[in-house]
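> sequence-free structure coming up:
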């Protein structure tokens, strides 16, 4: 059975699909700001209504935070769990927006038509590609395409505090054969991507305490230990001259990129020079011997995200401060263990602490890297299904950031995730003037028709 | 003629002296912060009024920066120029103060009564010892004690930008036979000191620029240069493991302490361990092979007074910042040349700057070290006059800080300075909870009566 009639229905209904997306975009569902609490509920209710109208058994499921939207269509075949989020980032600074962030519009730009609004790309536009694919399918076949569960959350932009408890409490209802997550991007405008590697994250913060109070550098400068000096000397040792992290055991569990994967990445049209030039840089700062793409997707990092100590205001103050502080985070890959990295870093600091200094160390619970089981046949089936929709074939990519939902689905539900999304690097997500290419929306819907068709049967 | 009646008048008027000091301390004359501009003017006006009431020909002399206060009492005898400053250091971090820094109070402590307020010791409390000594003298003798000029500045804590032009423009009016500067400390609580060596000072501030905007460490961490990392690596090289500054040519002009001076210092009751223990430290952090006293008085330093970059608020933000900043100052000794040190440091930074970073460097005009002509008879006369007021005889000491005024008086006015002050190491100047011992204030006033009496006649 060809998907062509469904694809034709997508094309024919695009105007109406856009109207529905606009209705959702008009709801300012900013989850991090309590002032928008009712709007978050309204967005959830809107989705429940749409899903029910499509024939899903849909409900709003309240939590201590924002509600979840859960919908089922029970049928034969492998159970597919679709995930997206209906909440959006705050809009400030509002003055940098060229129009009301919650008054969506299709605009002509030099690179094509775009849907301009907060949430257009992250994640309402993406999430609606699911719904519109289902709708087109149903309009042609009279039924929904397979054994489907949807989970849309409303706290993704505010740390997802309710997610883990909700997954645990509803494990049987939500566990599926495969999860499909639409919250990532294309490799480029012509090349769809399935993100198969995500780096983990460990975040730490610490203080080096020296003298018991701020001192005058004239009176004490020389014999008194300056904790900023101690801090810079310690942090300077964090990387060697080749860009490698020097913490003992840091690379335990880091494996070289498989030759086949490396070959595939080498085949991508990725220009490391242009990637760096875009942010005003020209020299890859990561580990020598690894390409820019490998440095982002497949190599761990140690980054100083913040540093402060002493007098930082205008003018000069010849102070010898009592303390110096830093925030350091680590991106993890492979099987690097967040707890071990945290402990090894604390030990690294303590080993280098001068005798007269004291360390105060805090770490957030970290998350390890995620490597998708690309040997599961669904990955290659999804990749092949996606490819005909775009100029270039779909590629398996890495991702430098972290998408915690993938780990939670794996650990709590036992469900692997396939990450497919249609965002682009220039979508301005989390920034003013967010947009989603009309092409991303249109061909995103068509892409899901193809992928769902490829996965709906065992 | 005995000074005893004047000393008795000091004792009798101490309560009123304190009230006047409190009035001055209540004015938040923070010179480095433009928000306190009016307060600096108010402090100057307050002094002019007090001096005029004492019979001085006093005036506020406006400058492009904070005003000078100048007062004269013309009489026979050697002209004595008294110097102090009415501006104070900023108060941050305010949360570490146990009370409002500008609401002075006399407090009982285990080591005696103290005056608690910003500026109590540096330098309002010290400066007021002049005024109260004059007042007591006048109350007994009906006139002021000799040929007196006062110069109080309001920019000492912010680099004194107006001082040199002012001295040059008013050379004849201000030039004197001897200057008396009250901005230093006792050797210890029982031992008054005349500071005869002062370190110089160079202050710099710089920014290491990396990417053209703040980046997300998930997306860019690895290949993108982090300027905080560059900064820490550069600053970590500023000292070698023996505590020596590594800037090429830094020690040009530094000479070993003369044997006789070293012998005199060895005879002082100075306990380096106790000095450090008082601020919670135990290991001298300066150059190995030099005593704690030498490290403060006779060795140059490089100190990081402030550092900042990236996210420094609560929680975590995985940012890769566009820039990182530091303030670094140098204490100079002997014939070290401030301009050469500044240039050598900038070159030191540039030599270590990674290819993708850009340096923005600012330096304040520095001042070299000062060695006083202790063979002038006034030094020994002042030392002998001071001694009877305290448990121990007065001593000639070095000083770790910089009092650029001494060099300016010498170079511009041709006037040598005698530095006598009553601050103590634990006064917390430039720190929260600054104090001045009530004894320092009281016996400081009495000390000036004695010293002025010893110097007022040729």
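Thanks, I have the structure now. Bear in mind the structure is a predicted one, so any value in this text is a computation, not a measurement.
> can we go C-alpha only for contacts and neighbour counts from here?
OK.
> Which strand or helix spans the residue of chain A found nearest chain B?
Closest to chain B within chain A is residue A:218: 3.5 Å, counting by Cα to the nearest Cα. Using DSSP states H and E, residue A:218 sits within helix A:217-220.
> Following element in sequence after that helix, please.
helix A:227-236.
> The helix or strand immediately after that next one in the chain packs against which elements?
Remark: after helix A:227-236, the chain's next helix or strand is helix A:259-266, criterion DSSP H and E. In this structure, helix A:259-266 packs against strand A:395-399, with contacts taken as 3 or more Cα pairs under 8 Å, 6 or more residues apart in numbering or on different chains; DSSP states H and E.
> switch the cut-off to 6 Å
Helices and strands touching helix A:259-266, as assessed by 3 or more Cα pairs under 6 Å, 6 or more residues apart in numbering or on different chains; DSSP states H and E, are absent.
> That helix to strand A:395-399, inter-axis angle?
Angle, helix A:259-266 to strand A:395-399, by axes from the mean of the first three to the mean of the last three Cα atoms, to 10 degrees: 90 degrees.
> is it true that the residue of chain A closest to chain B touches residue B:400?
Yes. Counting by Cα atoms under 6 Å, residue A:218 does reach residue B:400; the two are 4.7 Å apart.
> With neighbour numbers in mind, choose between those two.
Between residue A:218 and residue B:400, counted using other Cα atoms under 10 Å in any protein chain shown, the more crowded position is residue B:400 (31 against 25).
> Now do the more buried one, the pLDDT please.
In this prediction, residue B:400 carries a pLDDT score of 73.
> And residue A:254, by the same measure?
Residue A:254 is given a pLDDT of 96.
> residue contacts, it?
By Cα atoms under 6 Å, 6 or more residues apart in numbering or on different chains, residue A:254 lies in contact with residue A:334.
> that's a strand at residue A:203, yeah?
Yes. Checked against DSSP: H, G, I helix; E, B strand; the rest coil, residue A:203 lies within a strand.
> Might one say that it is in contact with residue A:331?
No. Between residue A:203 and residue A:331 there is no contact under Cα under 6 Å: 8.9 Å.
> And those two? Which one has more around it.
residue A:331 (32 against 25).
> Now name the helix or strand holding that one.
strand A:323-332.
> could you point out which element follows that strand?
By DSSP H and E, the next helix or strand past strand A:323-332 is helix A:338-352.
> I'd like to check the angle between that next one and strand A:323-332, please.
Going by the same axes, to 10 degrees, helix A:338-352 makes 140 degrees with strand A:323-332.
> Remind me what the helix or strand following helix A:338-352 packs against, helices and strands.
Next helix or strand after helix A:338-352 toward the C-terminus (DSSP H and E): strand A:358-363. The contact analysis (3+ Cα pairs under 6 Å, 6+ apart) places strand A:358-363 against strand A:200-209.
> what's in contact with stretch A:411-418?
Taking Cα under 6 Å, 6+ apart as the rule, stretch A:411-418 contacts A:171, A:175, A:176, A:178, A:179, A:180, A:409, A:410.
> if we go to 8 Å?
A:164, A:167-168, A:171-172, A:174-181, A:194-196, A:372-373, A:379, A:406, A:409-410 (Cα atoms under 8 Å, 6 or more residues apart in numbering or on different chains).
> out of those residues, which are buried?
A:167, A:174-181, A:194-196, A:372, A:379, A:406, A:409-410 (16 or more other Cα atoms under 10 Å in any protein chain shown).
> Name the nearest residue to the most far-flung residue of chain A relative to its centre, sequence neighbours excluded.
Among residues of chain A, the one most distant from the C-alpha centroid is residue A:219; the distance is 50.7 Å, by Cα atoms, centre = their mean. The spatial neighbour of residue A:219 that comes closest, neighbours along the chain excluded (Cα to Cα, 6 or more residues apart in numbering or on different chains), is residue B:400 at 5.0 Å.
> In contact with that neighbour, which residues?
Applying Cα under 8 Å, 6+ apart, the residues contacting residue B:400 are A:218, A:219, A:220, A:221, B:198, B:199, B:296, B:297, B:298, B:331.
> residues touching the fourth one, list them.
To tie it back to what came earlier, the one meant is residue A:221. A:320, B:286, B:295, B:296, B:301, B:303, B:331, B:400.
> what's next to the helix holding residue A:218, contact-wise?
By Cα under 8 Å, 6+ apart, the list of residues contacting helix A:217-220 reads A:318, A:319, A:320, B:199, B:296, B:303, B:331, B:399, B:400, B:401, B:402, B:425.
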